[in-house]
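Asker: Pasted the sequence and its predicted model underneath.
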Number of protein chains: 2
Amino acid sequence: MAGQPKPDIRPILNIVIVVAMETEALPIVNRFRLTQHPRSLFPGRVPWVRYHGTYKDLSINLIWPGKDPASGVDSIGTIPSALVTYAAIQALQPDLIINAGTTGGFKAKGASIGDIFIISDCAFHDRRIPIPGFDLYGVGLRKAFNTPNLIKELNLKVGRLSTGDSLDMTLQDESLIMANDATVIDMEGAAIAYVADLLKVPAIFVKAVTNIVDGDKPIVEEFLENLAAVADVLDPAVEQVVNFINGKSVSEL
Amino acid sequence: MAGQPKPDIRPILNIVIVVAMETEALPIVNRFRLTQHPRSLFPGRVPWVRYHGTYKDLSINLIWPGKDPASGVDSIGTIPSALVTYAAIQALQPDLIINAGTTGGFKAKGASIGDIFIISDCAFHDRRIPIPGFDLYGVGLRKAFNTPNLIKELNLKVGRLSTGDSLDMTLQDESLIMANDATVIDMEGAAIAYVADLLKVPAIFVKAVTNIVDGDKPIVEEFLENLAAVADVLDPAVEQVVNFINGKSVSEL
């Protein structure tokens, strides 16, 4: 018998922060005084951007999927985030992935504008495959890395995240978000969780609420109004989380 | 002035075939006498499967994303296909990507069960981001590599492909599939086109129609009924395409 696996007591030294939008990334880059790395790690033609720096005991790489070459907008959504997470894990072998970003929240589930959530579980709400087995695969529910000490120490809210590639919400999306028991929704988290799980790297999710999905304002309008402001809420929260992580092992989080 | 780029006259030597389902993959594997490669090329923990062999002048690698570790079903949909396409291009530097698979077709656009389509353009129908610029990014329309000689010689049908992560079709999906002017729909093509375009590798799409989307039968029922049968249509078509490719450069396709 192999017995219980030993808790990993090595201190975390190397973290990768995955961020979908430049507006979310730059305040974090500035806060940790990261600089754009001249060697991108990635194939020459991809638009993915790497910022790097040392902060306390940690080597921090922030990866942003960059501007879509065809349309010129941020490469948001599941596919670019999955790709950069895969490529960053392969190239950097981080001890921990942090996905930081903005999110829509449900006030009926206790979310308010400006809240910071640590995610307990991620799932998809726009992969409907009504065949037994494939249905569960489509939902893709997986736990985020469990961080009870971090949540307690920083007094952060905890909730489930549901991910989809659309900014609007159809009735089918809403029904599946409810089935996922989600408090917050985004366009990347479950994809990043999927890749981190495939490659067995612990992943945590720090999400700042930019809009209330079950409120009065149209999603897009509130998203745009709040994006700039909430980036200012997100980066202090990421700093708090990183300060807590510094000097600890993953099993102490 | 740099002038016109010279046509690439090197013969194609190295192709990667990306297939989403084992039922689609195995007839192709058998037809080209490919064998599962002991060194997977990929990180130890991913379920991705590589079959390899030599056929005429070509080194052929067929990559299938394998069974999802959590649910045990084939890893269908955009994220695994994007990841394996990225990883296979990085590891194998192919001259050409072929995405082969089953597809739903619209009879109103001229599709019939068992038809083989070569795709002219790919787009997504489930990435609704109603912000200027992001809307076009979400649709992600891109041309497949242009193969006028192949289409003429093999007398294949040509159509536009629309991709989404669900097997069913909501009214919103249908409306966007129509806006994409799609004749056929699948769950991977536009994601593979996206990655191939990022890394500047020519990609072509060979799609066998398994179900008629605008017919009488429910999509799921017809999909399951036809999947096994149509895999028998798909692999002879892939062989025809590969025979045509053999000995030619990409500019001769």
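Answerer: Okay, I see it.

Asker: what about the strands in the stretch 51-200 of chain A?
Answerer: Remark: strands assigned in the stretch 51-200 of chain A by DSSP state E, counting those that start in this stretch are A:58-64, A:96-105, A:116-124, A:142-143, A:157-163, A:184-186.

Asker: And the contacts of the first one?
Answerer: I take that to be strand A:58-64. Residues from elsewhere that reach strand A:58-64, judged by CB atoms under 8 Å, 6 or more residues apart in numbering or on different chains: A:12-22, A:25, A:28-29, A:32, A:34, A:37, A:48-54, A:74, A:84-85, A:88, A:92, A:94, A:242, A:245-246. From N, CA and C alone the C-beta is placed, and that goes for glycine too.

Asker: wait, which of the strands of the stretch 51-200 of chain A is closest to residue B:192?
Answerer: Closest approach to residue B:192 among these (CB to CB): strand A:116-124, 19.2 Å.

Asker: Tell me the strands beside the closest one, with direction?
Answerer: Applying DSSP bridges, strand A:116-124 is found paired with strand A:142-143 (antiparallel), strand A:157-163 (parallel), strand A:203-212 (antiparallel).

Asker: Now mean neighbour count too, for these, in JSON lines please.
Answerer: Shown next, in JSON lines, are the strands paired with strand A:116-124 (neighbours: other CB atoms under 10 Å in any protein chain shown):
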{"stretch": "strand A:142-143", "mean neighbour count": "14"}
{"stretch": "strand A:157-163", "mean neighbour count": "23"}
{"stretch": "strand A:203-212", "mean neighbour count": "26"}
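
Asker: Rebuild these as a markdown table, extending it with distance to residue B:250.
Answerer: As requested, these are exported to a markdown table (distance: least, CB to CB, whole Å):
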| stretch | distance to residue B:250 |
| --- | --- |
| strand A:142-143 | 40 |
| strand A:157-163 | 36 |
| strand A:203-212 | 39 |
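
Asker: Mind telling me which of these the model trusts least?
Answerer: Mean pLDDT is lowest for strand A:203-212 among these, at a mean of 93.

Asker: Show me what the next helix or strand after that strand is packed against.
Answerer: Once the chain leaves strand A:203-212, the next helix or strand it forms, by DSSP states H and E, is helix A:219-245. Identification of packing neighbours for helix A:219-245 by 3 or more CB pairs under 8 Å, 6 or more residues apart in numbering or on different chains; DSSP states H and E yields strand A:14-18, helix A:22-31, strand A:58-64, strand A:96-105, strand A:116-124, helix A:148-154, strand A:203-212.

Asker: buried ones in the third one?
Answerer: To tie it back to what came earlier, the one meant is strand A:58-64. Across strand A:58-64, burial judged by 16 or more other CB atoms under 10 Å in any protein chain shown covers A:58-64.

Asker: per-residue confidence for the most centrally placed residue in chain A?
Answerer: Closest to where the C-alpha atoms of chain A average out (CA atoms, centre = their mean) is residue A:99, at 2.6 Å. pLDDT for residue A:99: 98.

Asker: for it, what are its contacts?
Answerer: Contacts for residue A:99 were tallied using CB under 8 Å, 6+ apart; they are A:17-19, A:81, A:188-189, A:192-193, A:203-206.

Asker: Columns distance to residue B:142 on top of these, output as CSV?
Answerer: Formatted as CSV, the contacts of residue A:99 follow (distance: CB to CB, whole Å):
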residue, distance to residue B:142
A:17, 29
A:18, 24
A:19, 25
A:81, 19
A:188, 21
A:189, 26
A:192, 24
A:193, 27
A:203, 30
A:204, 34
A:205, 30
A:206, 33
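
Asker: Which single one of those is nearest to chain B?
Answerer: residue A:81 (9.2 Å; CB to the nearest CB).

Asker: The closest one and residue A:19 touch, don't they?
Answerer: No. Between residue A:81 and residue A:19 there is no contact under CB atoms under 8 Å: 9.1 Å.

Asker: What residues sit buried inside the helix or strand of chain A with the lowest mean pLDDT?
Answerer: Every helix and strand of chain A was ranked by mean pLDDT, DSSP states H and E. The lowest is helix A:219-245, at a mean of 84. Neighbour-count burial for helix A:219-245, counted by 16+ other CB under 10 Å, picks out A:219, A:222-223, A:226-227, A:230-231, A:233-235, A:237-238, A:240-242, A:244-245.

Asker: same deal with stretch A:178-196?
Answerer: A:180, A:182-196.

Asker: show me which of those neighbour chain B.
Answerer: Among the buried residues of stretch A:178-196, the ones lying near chain B by CB under 8 Å from any CB of the partner chain are A:191, A:194-195.

Asker: which one of those residues is nearest residue A:120?
Answerer: Closest approach to residue A:120 among these (CB to CB): residue A:194, at 16.1 Å.

Asker: How confident was the prediction at that closest one?
Answerer: Residue A:194 is assigned 98 on the pLDDT scale.

Asker: From residue B:184, how far out is it?
Answerer: From residue A:194 across to residue B:184, the span is 27 Å (CB to CB, to the nearest Å).

Asker: Now for the closest residue to residue A:162 other than its chain neighbours: which residues touch it?
Answerer: Nearest non-adjacent residue to residue A:162, counting by CB to CB, 6 or more residues apart in numbering or on different chains: residue A:182, 3.6 Å away. Applying CB under 8 Å, 6+ apart to residue A:182 gives the contacts A:106, A:109, A:123, A:125, A:159-162.

Asker: mind pulling up the phi and psi values for residue A:182?
Answerer: Dihedral pair for residue A:182: phi -80, psi 140, per degrees, to the nearest 10.

Asker: tell me the contacts of the closest residue to residue A:241 other than its chain neighbours?
Answerer: Leaving aside its sequence neighbours, residue A:241 sits nearest to residue A:206 (CB to CB, 6+ apart; 5.6 Å). Going by CB under 8 Å, 6+ apart, residue A:206 touches A:98-101, A:116-118, A:234, A:237-238, A:241.

Asker: just checking, residue A:198 touches residue B:42?
Answerer: No. Using CB under 8 Å, residue A:198 makes no contact with residue B:42, being 9.9 Å away.

Asker: Tell me which of the two has more neighbours.
Answerer: More crowded of residue A:198 and residue B:42, by other CB atoms under 10 Å in any protein chain shown: residue A:198, with 24 against 21.

Asker: And the pLDDT for that one?
Answerer: Turning to residue A:198, the model gives it a pLDDT of 96.

Asker: Likewise for residue A:5?
Answerer: Listed pLDDT for residue A:5 reads 57.

Asker: Likewise for the one 4 residues further on?
Answerer: On the pLDDT scale, residue A:9 is placed at 83.

Asker: Does it lie in a helix or a strand, and which?
Answerer: Using DSSP H and E, residue A:9 sits in no helix or strand.

Asker: so what's it up against?
Answerer: Counting by CB under 8 Å, 6+ apart, residue A:9 touches A:249, A:251.

Asker: One more: residue A:111?
Answerer: Neighbour list for residue A:111: A:105, A:117, A:157, A:159, A:183-184, A:209, A:212 [criterion: CB under 8 Å, 6+ apart].
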